[in-house]
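A.B. asks: sequence and predicted structure below; questions after.
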Amino acid sequence: VAVVSADSTVMNNVEAVRATLYEALKSDDRTLIIGEDVGARGNVFLITKDFINEFGPQRIIDTPIAEASIVGIAVGMAMEGLRPIAEIQFADFIYPSFNQIVGEAAKTRYRSNGEYTCPMVIRTPYGGGVRGALSHSVSVEALFYHVPGLKVVAPAFPADVKGLLNTAIDDPDPVLFLEHKKTYRLIKGEVPNGHYTIPLGKANVLKGGTRLTVVSYGLYVHWALEAANKLEEEGLSVEVIDLRSIRPMDKTAILTSVEKTRRLLVIHEDNKFGGIGAEISAMVAEEALFHLDAPIRRLCGPDVPAMGYALPLEEEFMSSPVEMADAMRELVRF
Amino acid sequence: MATITMPQLGETVTEGTVAQWLKKIGDSVDKYEDFVEVSTDKVNAGVPSPVTGTIRELLVKEGETVATGTPIAVIEEVGNAQAAAEPATPASRTETVQTPSGNGAPPSAVETAEAENAARGASPAVRRLAREHRVDIRTIKGSGANGRVTADDILAAARPGTATGVAPPPAAQAPPPAGAARTSTYAQPIPGSLVQLTQARRIIAERMVESKRTAPHAWSMVEIDVTDVWQWRLREKDRFERETGYKLTLLPFFIRAVVQALATFPLMNARFVPAVGLSPAAIYVNDEVNIGVAIGLQANLVVPVVKHADKLSIKGLAIAAGELIDKARKGKLGVDDLAGGTFTVNNNGANGSWASAPIINAGQAGIVTMEAAIKKLVVRDDDSIAIRHMMNSCLSLDHRVVDGYVASGFLADLKRRLEAMGPGGEL
């Protein structure tokens, strides 16, 4: 049982993002926010509500619907010494800025032989299960985690949101910060007061276990934990790892766990083919094959172009805690 | 038929050893009657039968250790006996073909094919473990889906006391001389042989590694003048033993000084709490002072706990520690005796050691030793030279919890308190 400090506040994920951004703006004049509706509207989830009144339109910059420009302008600001936090209103709209993120931001340090870096954060809400349909449900992590020079973070808990976002803002290179929108108001937790950071590339073993390793991130961490606790009641001990940071990835945490449990299940909402689970599976097969006592399994979104709006279609796309428990049970008993 | 599985005796227990079958095959057993004695980490417990009936199968040999949930016995319930009165049908095809008249008959084609299939379908982990433990996969009955041999099956087969599954030693190794079938044990090790670990030994090994790996150990030592407290003890010990039946050693005096020093430095009576889920890493400062006393037995190490040691006088501590040491030697320590320690004292000097670097009991901030009290020539504060009983006390500390500043303050305080004790007073 950890000691909950008197110096902490219960927040949901939206409040954790808002509080962290606010502190960053207060403590460093170089920080600024740029994106659609971040100013007068205060962000569609009210994350930046009233920021423009306190920090002014020079630092809380409303843009047209032009994602390539949002990121492109931020790249230039970052290269010249500012600390921009760019927002893509929904991850589904990130594609126009793909070139700016992958072709420019991620390569700045390399291209300039270290003369320039690109210290910027790109925040974006992603993920489904909120009746968001085709253009408000997508998971984009696999499109970006392939890119050297870019870091990709996807926290699940408010305390991690704050610690990881602080680290991302401090990072001298670009970080894509993915916020699962279904967790925004659903997930609450203690967030320590004051400034703290959590290193990128450190997974969190949320629950110890002996029979199976489950790796996940974002919303599904919560459901995987629920399923694992259900199995615990059945006497099946499952270890749950919250990746937190997708790239850099905490290989050590995964390998240490798999060497103990000999079984691996990767769960994510993003499509299966070429997803995060594919990399984890390949890495474990390369480095821990002779510890595996069962095939690696992936429980992922289906390979369809988008999440449907109709509830049955959305449910078909999303995994549920029950499906997760079934997959865990099957693998433990293999 | 009811299949009885290895129960989970304690929340962190994952396996159990069949210490003794209290019933034989064919014996009848009543519901709630103990039919087997199971030993875990450090406790023995009888296991009651969940049904009334007749013991039909005992699936695990005495001395064998299996994971909780593993079937250990089959009991035929009363009322079902009629249906099962027919001769038991062989459990598998393999068994039906296994009983030809010729003893050394070659295995049948069916049997060979099944065994080969099992070996071919083996997972990488099973193959590796089978190779490492020299277990023939084809001889193992699988517990996985569709009879698949799992990694745990290999490990179970490789454990000592398991008759099947262990392949003969490689031909290159000379067979042991006839009649020399003594097994190598921790008490009587045979050079050039493997000593199989008891469960307690294995747990000690795991916990030591765990502590040494997770807690960064730092070390410090002070020299304490115990002449006065030694004289106090000498003066009291005969009367004490007469009155209480327990020997009066230096240990309770030392524990008394330790708990007082812990009160001054509460961070030494704490533990490091790693970050879990929402909670960032923290240090939990214990609200109880429970002192573990490390007791070395021949094949084993136990650390029974003197609860609320800060509430006890030296006399109370002597009696409490005496009781625990008595129980430890008789193998009668219960789960409660071993749980809840917040700091550990190791009387290492009893065997003549002069300094040692102990490993912290996982989940505590430190462990302190009493080394041998040795007569030395000492230059005292007034520059006089005297023969004094000097004792080193060594501290290993978890550097995540405390730094040298607190640790050396604690040791200095401990020294000051112990040196202030005696040569007389109320125990």
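C.D. replies: Happy to help now that I have it.

A.B. asks: quick one: contacts for residue 205?
C.D. replies: No chain in the question, so chain A it is. A:239-242, A:253, A:257 (CB atoms under 8 Å, 6 or more residues apart in numbering or on different chains). Heads up, the C-betas are built off the backbone N, CA and C, glycines and all.

A.B. asks: sorry, should have said chain B
C.D. replies: Contacts for B:Ala205 (CB under 8 Å, 6+ apart) come out as B:Leu197.

A.B. asks: chain B: which of the contacts of A:Val205 is nearest?
C.D. replies: Among the contacts of A:Val205, A:Asp242 lies closest to chain B (CB to the nearest CB), at 8.1 Å.

A.B. asks: report pLDDT for the closest one.
C.D. replies: Confidence at A:Asp242, expressed as pLDDT, is 98.

A.B. asks: who are the contact partners of it?
C.D. replies: Per CB under 8 Å, 6+ apart, neighbours of A:Asp242: A:156-157, A:160, A:203-206, A:216-217, A:221.

A.B. asks: ok so, going back, just the ones of the contacts of A:Val205 in strands?
C.D. replies: A:239-242 (DSSP state E).

A.B. asks: any of these buried? List them.
C.D. replies: Among the ones in strands among the contacts of A:Val205, those classed as buried by 16 or more other CB atoms under 10 Å in any protein chain shown are A:239-242.

A.B. asks: kindly report the residues of the stretch 51-200 of chain B close to chain A.
C.D. replies: B:68-69, B:123-128, B:144-145, B:148, B:150-152 (CB under 8 Å from any CB of the partner chain).

A.B. asks: now the buried members of the residues you listed.
C.D. replies: B:68, B:123-126, B:128, B:144, B:148, B:150-152.

A.B. asks: looking at these, which are in helices?
C.D. replies: B:124-126, B:128, B:151-152 (DSSP state H).

A.B. asks: give me the contacts around the host helix or strand of B:Ile55.
C.D. replies: Assigned by DSSP states H and E, B:Ile55 belongs to strand B:53-58. By CB under 8 Å, 6+ apart, the list of residues contacting strand B:53-58 from outside reads B:1-2, B:21, B:23-29, B:35, B:72-78, B:80-81, B:84, B:88.

A.B. asks: how distant is it from the center of its chain?
C.D. replies: Relative to its parent chain, strand B:53-58 has a centroid offset of 31 Å by CA atoms, centre = their mean, to the nearest Å.

A.B. asks: so what are the sheet partners of that strand and their directions?
C.D. replies: Strand pairing for strand B:53-58, using DSSP bridges, gives strand B:28-29 (antiparallel), strand B:71-77 (antiparallel).

A.B. asks: tabulate the ones you listed (CSV), appending mean pLDDT and mean neighbour count.
C.D. replies: Listed next are the strands paired with strand B:53-58 as CSV, based on pLDDT from 0 to 100; neighbours: other CB atoms under 10 Å in any protein chain shown:
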stretch, mean pLDDT, mean neighbour count
strand B:28-29, 89, 18
strand B:71-77, 89, 20
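
A.B. asks: and A:His146, which of those is closest to it?
C.D. replies: Closest to A:His146 of those, according to CB to CB: strand B:71-77, at 47.9 Å.

A.B. asks: quick one: contacts of the closest one?
C.D. replies: So strand B:71-77 is contacted by B:1-6, B:18, B:29, B:35-36, B:49, B:51-60, B:66, B:84 (CB under 8 Å, 6+ apart).

A.B. asks: show me which of these are buried.
C.D. replies: Buried members of these, scored by 16+ other CB under 10 Å, are B:4, B:6, B:18, B:29, B:35-36, B:49, B:51-60, B:66.

A.B. asks: dump the residue contacts of the residue nearest in space to the middle of chain A.
C.D. replies: Geometric centre of chain A, nearest residue: A:Ala154, 1.1 Å, by CA atoms, centre = their mean. Listed by CB under 8 Å, 6+ apart, the contact set of A:Ala154 reads A:126, A:141, A:178, A:180, A:217-218, A:243-246.

A.B. asks: what's opposite B:Val29 in the beta bridge?
C.D. replies: Going by DSSP bridges, B:Val29 forms beta bridges with B:Gly53.

A.B. asks: tell me the contacts of it?
C.D. replies: B:Val29 makes contact with B:23, B:35, B:49, B:52-55, B:75, according to CB under 8 Å, 6+ apart.

A.B. asks: how close does it get to B:Trp21?
C.D. replies: 11 Å (CB to CB, to the nearest Å).

A.B. asks: overlap in contacts, these two.
C.D. replies: Counting by CB under 8 Å, 6+ apart, the residues touching both B:Val29 and B:Trp21 are B:Phe35.

A.B. asks: tell me the buried residues in the helix or strand that contains A:Glu259?
C.D. replies: Taking DSSP H and E as the criterion, A:Glu259 maps to helix A:251-261. For helix A:251-261, the neighbour count (16+ other CB under 10 Å) marks A:253-259, A:261 as buried.

A.B. asks: am I right that A:Trp122 is in a strand?
C.D. replies: Careful, residue A:122 is Ile and not Trp. Yes - with DSSP: H, G, I helix; E, B strand; the rest coil as the criterion, A:Ile122 is part of a strand.

A.B. asks: pull the longest strand from the chain.
C.D. replies: All of this is about chain A. Identified as the longest strand of chain A according to DSSP E is strand A:264-271.

A.B. asks: my bad, chain B
C.D. replies: As assigned by DSSP E, the longest strand anywhere in chain B is strand B:385-398.

A.B. asks: can you give me the helices in the chain?
C.D. replies: Assuming you mean chain A. A:13-27, A:51-55, A:67-79, A:98, A:108-111, A:141-144, A:158-170, A:183-186, A:219-233, A:251-261, A:276-288, A:311-317, A:321-332.

A.B. asks: let me rephrase: I mean chain B.
C.D. replies: Along chain B, the stretches classed as helices by DSSP H are B:93-96, B:109-120, B:124-133, B:151-158, B:199-214, B:227-244, B:251-264, B:314-329, B:335-338, B:404-420.
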